[in-house]
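>>> show me the folded form of this:
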Amino acid sequence: MESEKTKRLNELIANGKEVVRNIKFQLSEKLKDNFYSLTKELFIAYPELKSFGWKQYTPYFNDGEECVFSSLHYYPTINGNDENYDESEQAEGEIDIVKLGGETIYGVGWKKIPNPDYNPYYGEIVSTVKQFLNQFDNEDMEELFGNHVAIRVTESGVVIEEYEDHH
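Numbers count the residues shown, from 1 in each chain. Down below sits the predicted model:
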């Protein structure tokens, strides 16, 4: 049988847990509000920006090291292209903001060379998108979007798809 002192302490502990849950919920809501409101501002400020996205996941294997969640939002695709140009998902006729916004591009053998088509305006877009995303850390991104997902942000919203093509 619990003593009155134990009952009182258990009630205080339960109340404390509830306060922490409420604070976490409020922080989560503020994080979402911040992300979504600033996202809208990006698309208003830069009409050429049609989408940006990234993948985030915990690897299944890491050469014996601990498998830790990470978000690749620091290296976003913009309008379907990224700095490595491995796969373009860019729609036909859409401006390649990433390529035009880089002072250098990758040439033969992945050697960086001056970009003859560099446009500072597109460089500003790339820089601003990265600056926006870099305000969030891995923990924020996992809270916002989850694990093992590919995220694509457009003016009309966020598309989250399951992503398992990683090691």
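>>> shouldn't Val153 be within a strand?
Yes - checked against DSSP: H, G, I helix; E, B strand; the rest coil, Val153 lies within a strand.
>>> measure it to Asp140 for me?
14 Å (Cβ to Cβ, to the nearest Å). Every residue, glycine included, has its C-beta placed from N, CA and C.
>>> more neighbours, the two?
Between Val153 and Asp140, counted using other Cβ atoms under 10 Å, the more crowded position is Val153 (23 against 18).
>>> who touches that one in this structure?
Listed by Cβ atoms under 8 Å, 6 or more residues apart in numbering, the contact set of Val153 reads Thr39, Ser51, Phe52, Gly53, Val159.
>>> who are the contact partners of the residue most central in space within the chain?
Nearest to the geometric centre of the chain sits His73, at 3.8 Å (Cα atoms, centre = their mean). Taking Cβ under 8 Å, 6+ apart as the contact definition, His73 lies against Trp54, Gln56, Leu133, Asn134, Phe136, Met141, Ile151.
>>> can I get the residues you listed in TSV including neighbour count, pLDDT and secondary structure?
Converted to TSV, these look like this (neighbours: other Cβ atoms under 10 Å; pLDDT from 0 to 100; DSSP: H, G, I helix; E, B strand; the rest coil):
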residue	neighbour count	pLDDT	secondary structure
Trp54	20	95	strand
Gln56	23	94	strand
Leu133	22	96	helix
Asn134	11	94	helix
Phe136	17	94	coil
Met141	24	94	helix
Ile151	23	95	strand
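>>> of all these, which two lie farthest apart?
Farthest apart among the contacts of His73 by Cβ to Cβ are Asn134 and Ile151. That separation is 15.2 Å.
>>> what is the mean pLDDT for the longest helix seen in the chain?
Scanning the chain for the longest helix, with DSSP state H as the assignment, gives helix 4-45. Helix 4-45 shows a mean pLDDT of 91.
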